[in-house]
Each structure stands twice: as C-alpha cells, then as structure tokens.
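Student: sequence and predicted structure below; questions after.
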Amino acid sequence: MEAPQTSSIVFYIGLTLFIVLTVWLVAKLVISRMNTVPLNVSGFTGTKVEGFQGPTRGVSSFPCGQESAEASALVDMFEGRASTTESGEPDLVELKAILSKMCCMKHDLLGVSQTVQASLYLPYNNTHDRENPADTVGRCFTKGIPPRDLEITFETWKERALLLINRLCTSYSLSTGESDDAVKYFKRAWRDCYDVAQSVCLVENKAPTSSPRDPKGVLPEPVQGLGEYKGYY
C-alpha cells in the first residue's frame with residue numbers, strides 16, 4: 001500500500017511544479033508586452049532599433065532630426081570628434097539649430113493636424129533667422145507668405161550653414177572627401193525641406209480658364225449701336 005501513496009505524492013509534486021512554471025512563463029510574457037518604451041533612443045538603452053517615426057525630441061541629437069537622414073548624417077560626422085579650435089563646439093551648436101529649424105518646419109508642414117508644434121519653441125537667432133521660425137510656419141498654413149520671403153528665409157539658412165560647415169571641417173580636421181560629403185549632406189537636406197515648404201506654403205498658380213487664342217463671338221460695328229431686338233424672328 002505504500003508504493004501507490006509514494007507515486008501519488010510524486011505525481012502531485014510534478015503537477016504543482018508544472019503549474020508554477022506555466023504561471024511564471026505567462027507572467028513573464030505579459031510583463032514584457034507591457035514595456036512599450038522604444039529602444040535605442042536617446043535616454044534609453046537597448047539594441048533593437050524601432051522603425052517608426054518618433055517624436056520631435058528625443059530620437060536624435062537635435063530636434064526633428066528624424067525628418068532628414070542627410071541632416072543626421074551631417075551632424076554625426078562631427079560628433080564624437082575633438083575640435084581643434086575654440087569655435088568648433090559653438091559652431092556645431094548653431095549648425096544643429098539651423099538643421100532643427102529646417103527639419104521641424106518640414107515636420108509641422110507635413111503633420112496631419114496642420115498646427116505649429118515642433119517649431120513653436122525653437123529660439124530666434126538674428127545670425128541666421130529673418131523672423132521667428134514659428135511665425136514662418138504659421139504664415140505657411142495661412143498661405144500668407146510671399147515666395148520671396150520664403151526664399152530669403154531658406155537662402156539665409158543655407159548661406160550661414162555652409163559657412164559653419166566650412167569652419168567645422170577645419171576645426172574637426174575633416175579630410176577633403178569628408179568635407180565634400182558634409183556639403184552634399186546639407187544641400188540634400190536643405191533641398192528636401194525647401195521643396196516641402198514651397199509645396200505647402202505658396203499659393204498654387206492656377207492655369208487661366210481662357211486663352212487669347214480661343215475663338216470668341218464678334219459683334220459687327222453696324223449692329224453695336226442698335227437697341228435690343230424684340231421681334232419674333
């Protein structure tokens with residue numbers, strides 16, 4: 001009679017261990033599913049790269065950097081290197097500011113809500129700004145910015161950024177090939193943001209409904225002075 005009791009005890013112990021193991025695995029799975037924080041993002045750790053577009057801040061070393069791969073690649077060329085001049089780091093900070101204004105403008109203009117959000121708190125800098133960036137985006141949404149004003153805004157950013165890039169390439173001891181790549185990265189990023197701004201900010205030029213060459217009715221001169229005809233025929 002002792003053998004059946006021993007086998008029963010072993011059976012119940014095994015069943016208990018199986019139930020405990022199952023509960024532990026289910027709890028571990030549920031807890032892992034609850035972690036929705038994107039990995040490999042500034043401020044967090046991890047090895048998995050998320051493929052979705054992130055918020056305006058936190059996914060790059062400068063605001064809205066996720067909007068332009070070229071702008072991010074440009075900044076990466078200087079980060080992690082030591083500047084050989086005192087002006088290197090301040091120049092890099094200003095270059096990031098210019099890239100942020102271009103990319104945040106693109107972020108706002110392509111947003112579904114059509115509101116000034118990403119560029120709202122970007123600081124004005126009279127070295128490379130013609131007006132507050134948020135005001136520029138606001139005028140874009142109302143179609144109240146002339147083409148010339150938009151061109152001046154982007155050309156001022158471009159002129160100042162190219163000057164900064166030239167100085168940064170010297171400060172960070174970039175080779176000739178790397179310097180050329182830096183200029184190419186910026187021009188591509190600038191062109192992309194400018195194209196988006198032109199398509200959203202400017203009023204479309206509609207084609208005229210009629211042409212001077214279209215056939216039109218002609219009223220003979222002898223008839224022009226006559227009154228309205230009220231006859232039957």
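Tutor: Now that the structure is in, tell me what you want to look at. Numbers count the residues shown, from 1 in each chain.

Student: now do the strands in this structure.
Tutor: Assigned by DSSP state E, the strands in the chain number zero.

Student: shaky segments in it?
Tutor: Within the chain, the ranges that satisfy pLDDT under 70 run 1-6, 32-59, 205-233.

Student: next, name the residue at the spatial heart of it.
Tutor: Central residue of the chain (C-alpha atoms, centre = their mean): residue 67, 2.8 Å from the mean position.

Student: give the contact list for the nearest residue to residue 114 once chain neighbours are set aside.
Tutor: Distances taken as C-beta to C-beta, 6 or more residues apart in numbering place residue 141 nearest to residue 114, at 5.8 Å, with adjacent residues excluded. C-beta coordinates here come from the backbone N, C-alpha and C atoms, glycine included. Residues counted as contacts of residue 141 (C-beta atoms under 8 Å, 6 or more residues apart in numbering) are 114-116.

Student: and residue 141, how far from residue 125?
Tutor: Taking C-beta to C-beta, to the nearest Å as the criterion, residue 141 is separated from residue 125 by 23 Å.

Student: try residue 151
Tutor: To residue 125, residue 151 is 19 Å away according to C-beta to C-beta.

Student: now swap in residue 153 and tell me
Tutor: Between residue 153 and residue 125 the distance is 13 Å, computed by C-beta to C-beta.

Student: more crowded one of these two?
Tutor: Set side by side, residue 153 and residue 125 give different neighbour counts by other C-beta atoms under 10 Å, the larger being at residue 153 (23 against 13).

Student: buried set for the longest helix anywhere in the chain?
Tutor: Using DSSP state H to define each element, the chain has its longest helix at helix 2-34. Judged by neighbour count (16 or more other C-beta atoms under 10 Å), helix 2-34 contains no buried residues.

Student: now swap in stretch 171-190 and tell me
Tutor: Judged by neighbour count (16+ other C-beta under 10 Å), stretch 171-190 contains these buried residues: 171-172, 174, 179, 181-182, 185-190.

Student: what subset of the contacts of residue 141 is buried?
Tutor: Applying a neighbour-count criterion of 16+ other C-beta under 10 Å, the buried members of the contacts of residue 141 are residue 116.

Student: which among the contacts of residue 141 gets closest to residue 108?
Tutor: residue 116 (5.9 Å; C-beta to C-beta).

Student: state the distance from that closest one to residue 24.
Tutor: Between residue 116 and residue 24 the distance is 50 Å, computed by C-beta to C-beta.

Student: re the thing from before, any idea how far residue 113 is from the residue nearest to residue 114?
Tutor: 10 Å.

Student: same question, residue 136
Tutor: 18 Å.

Student: which of these two has more neighbours?
Tutor: Under the criterion of other C-beta under 10 Å, the comparison of residue 136 against residue 113 puts residue 136 first, with 23 against 7.

Student: was I right about that one contacting residue 153?
Tutor: Yes. At 5.9 Å, residue 136 counts as touching residue 153 under the criterion of C-beta atoms under 8 Å.

Student: what about residue 130, how many neighbours?
Tutor: Under the neighbour criterion other C-beta under 10 Å, residue 130 is assigned a count of 17.
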